[in-house]
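Asker: Task: produce atomic coordinates for the following.
(one chain, ligands or ions: 1)
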Amino acid sequence: MSDTLQLDEAAFSLWQALQSKGAVPLSQLAAELKLDQSRLMAAALEGSAGGFIAIDEQEADELVPNENAADLVRGGLPERQALRLLLDAGGQLATGDFAKAAAGAKIAVNEVFKWGVARGWIEKDKQGVRITEAGRSADAVKTYDVDETALIEANGKPVDVDALPDPHRVRQLLGKRPELAKMKARVRRSLALTPAGEQLIASGGIQRKLERNLLTMDDLRSGAWREITLRAYDVTLPAETVHPAKIHPLRKMIEQTRRAYLEMGFTEVVSPIVESSFWNFDALFQPQDHPARDMQDTFYMDEPSMTDLPKDAALVDRVRRAHEDGGDTGSEGWGYKWSPERARQVVLRTHTTASTIRALARHPNPPLKAFCVGWVCRNETMSYKHLPVFHQVDGIVIDEHASLATLLGTLETFYKKMGFKQVKFKPAFYPYTEPSVDVVVYLESRKKWIEMGGSGIFRPEVTEPLGCKHPVLAWGLGMERLAMIRYGLSDIRELYQGRIEALQEMALAQ
Ligand SMILES: N[C@@H](Cc1ccccc1)C(=O)O
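Answerer: Next comes the predicted model:
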């Protein structure tokens, strides 16, 4: 017996549908067999490789009507409405009079001239505008022209232009009328059995493969599994895009950051967003006339505008002295009279360093590794790279043996964990650290170094008043920037706008 061709279910039904039929359009087959066109094409390609199925491809135009096209047509196209005007005027009007009458009736004159002439309904010359014989017979709205009929019958759905009564005229009338419809080039496919294919099917040479997605208990018990072919997945077939629920990219970045620090043995700390100037600025040895404290940079609360200083009066006094003359820190301080009132002013914290400095005050002895991720606020004008509210992550390490090398190593480890391979450090200045170092990471995709934040070793003017005798490494890094780089955003506002399309497009596995 000659070999029979084993076909899966879709291919088998395709062959049957094609038997002694000649060429059948793919769209028709898909509708008849209730199968995807892509599924049928896969079967057809297989058949064509064996010389059994012929695939014919032809360029075809599709008429894609606009949503309101049918209504526009039913209401009367401008050139059709113009016919009434001309008939009422005895069939002819001077161009100026016609334009006036058309404007009065709110009929678009340009459209009338363009399409009325193209349809052969209207003639226009030096004498004026005249209705033609064809125009007279076209007067009644119920005798629609081919394009109007096509749009009404299409009822908003795409149709094959060549299947319409007068495709040439439809193309002519609708080809350049975007307010009504668009023409789209499509490939129209049809399939047919070749003589070899017809012969094979007629001689019973095809057989339906016993194929399943899964085996049942019965298949196993009865031994039927031996005859069953398990259907393979074809991952190359087009599939519907699904947008599952996912975590917001910024939230994801924050969670990943948190995990990275926890994995490195850090403890998470939190502190209020509404903060005293004392913790936000004074404890960090930022002089009270420092420009960062300016209303332009910092949000001051109106209600309450003042809060209490920490209960530990000795600590507050040591901070005062650090500012005024350096106290016991070995420094000369800033040399001004420190105001407790200014330290009591309530601000929206401008950095999460307010959080880590509080942690240091609570726990001034080594070892301590702490971090804080959270909101900070700065009085910035909103732009593609600035927001008045954003997130930072701050960290501190108190350790007898901590050094600048430990600081750089820790930061490098953090960024490596976050997927940034190249980290560089630049000398910088902060009132609370010495030395101070800015962190830059390399962005492969843009071949650019990007600044991520600041770091350093706290000055004695910061640590000594808090009762800390050991080196403290500290850093504060921007979170949004990291998210922007990761998700390829060029505008920071994207992270907060909640544009659903943009969020759907953001990769799930990043
Ligand atoms: N607080 C600084 C960063 C920083 C933190 C700790 C030490 C040094 C710098 C900022 O907001 O940019």
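Asker: Around the ligand, pick out the residues from this structure.
Answerer: Selection of the chain residues close to the ligand by Cβ under 6 Å from any ligand atom yields 351, 353, 394, 430, 433, 453, 454, 455, 456, 474, 475, 476. No exception for glycine: its C-beta is placed from N, CA and C like everyone else's.
Asker: Quick one: the strands in the stretch 1-150 of the chain, in order.
Answerer: 5-7, 24-25, 53-65, 92-93, 122-125, 128-131 (DSSP state E, counting those that start in this stretch).
Asker: got CSV for these, with mean pLDDT and distance to residue 446 too?
Answerer: Below are the strands of the stretch 1-150 of the chain laid out as CSV (pLDDT from 0 to 100; distance: least, Cβ to Cβ, whole Å):
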stretch, mean pLDDT, distance to residue 446
strand 5-7, 89, 52
strand 24-25, 94, 48
strand 53-65, 91, 39
strand 92-93, 92, 64
strand 122-125, 92, 58
strand 128-131, 93, 61
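Asker: hmm, back to that, any idea which of the residues of the chain next to the ligand has the most stuff around it?
Answerer: residue 353 (31 neighbours; other Cβ atoms under 10 Å).
Asker: does the residue nearest to residue 384 when sequence neighbours are not counted count as helix, strand or coil?
Answerer: Excluding the flanking residues, the one nearest residue 384 by Cβ to Cβ, 6 or more residues apart in numbering is residue 491, at 4.3 Å. Classification of residue 491 using DSSP: H, G, I helix; E, B strand; the rest coil returns coil.
Asker: my guess is residue 491 meets residue 387, correct?
Answerer: No: with contact defined as Cβ atoms under 8 Å, residue 491 does not reach residue 387; the gap is 10.3 Å.
Asker: what is in contact with the two at once?
Answerer: Residues touching both residue 491 and residue 387 (Cβ atoms under 8 Å, 6 or more residues apart in numbering): there are none.
Asker: Residue 176: which of the strands of the stretch 1-150 of the chain is closest?
Answerer: strand 53-65 (13.0 Å; Cβ to Cβ).
Asker: Give me the buried positions along that closest one.
Answerer: Neighbour-count burial for strand 53-65, counted by 16 or more other Cβ atoms under 10 Å, picks out 53, 54, 60, 61, 62, 63, 64, 65.
Asker: domain ranges for this structure?
Answerer: What automatic domain parsing lists as the domains of the chain is 5-52+194-230, 69-185, 251-499.
Asker: residue boundaries of the strands in the stretch 251-400 of the chain?
Answerer: For the stretch 251-400 of the chain, applying DSSP E, counting those that start in this stretch gives strands covering 267-268, 274-276, 346-348, 368-377, 389-398.
Asker: As JSON lines, the ones you listed with distance to residue 163 would be great.
Answerer: Converted to JSON lines, these look like this (distance: least, Cβ to Cβ, whole Å):
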{"stretch": "strand 267-268", "distance to residue 163": "67"}
{"stretch": "strand 274-276", "distance to residue 163": "69"}
{"stretch": "strand 346-348", "distance to residue 163": "66"}
{"stretch": "strand 368-377", "distance to residue 163": "61"}
{"stretch": "strand 389-398", "distance to residue 163": "58"}
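Asker: Quick check: which of those strands is buried the most?
Answerer: Compared across these, strand 389-398 shows the largest average neighbour count, a mean of 23 (mean count of other Cβ atoms under 10 Å).
Asker: quick one on the thing from earlier: of all pairs in the buried residues of strand 53-65, which one is the farthest apart?
Answerer: Greatest spatial distance among the buried residues of strand 53-65 (Cβ to Cβ): 53 and 65, at 33.8 Å.
Asker: can I assume residue 52 is in contact with residue 196?
Answerer: Yes: counting by Cβ under 8 Å, residue 196 is a contact partner of residue 52 at 5.7 Å.
Asker: Check the stretch 301-450 of the chain for the residue nearest the ligand and tell me.
Answerer: residue 351 (3.6 Å; Cβ to the nearest ligand atom).
Asker: Actually, the stretch 101-250 of the chain.
Answerer: In the stretch 101-250 of the chain, no residue comes nearer to the ligand than residue 250, which is 18.0 Å away by Cβ to the nearest ligand atom.
Asker: Mind pulling up the pLDDT for that residue?
Answerer: Looking at residue 250, its pLDDT reads 93.
Asker: So it versus residue 390, what's the distance?
Answerer: Going from residue 250 to residue 390 by Cβ to Cβ, to the nearest Å gives 10 Å.
Asker: contacting residues around the residue of the stretch 101-250 of the chain closest to the ligand?
Answerer: 391, 479, 480, 483, 495.
Asker: any idea how far residue 371 is from it?
Answerer: Look at residue 250 and residue 371: by Cβ to Cβ, they are 17 Å apart.
Asker: Listing partners with orientation, what would you give for the worst-scoring helix or strand of the chain on mean pLDDT?
Answerer: Lowest by mean pLDDT, DSSP states H and E among the helices and strands of the chain is strand 211-212, with a mean of 80. According to DSSP bridges, strand 211-212 forms sheet pairs with strand 229-230 (parallel).
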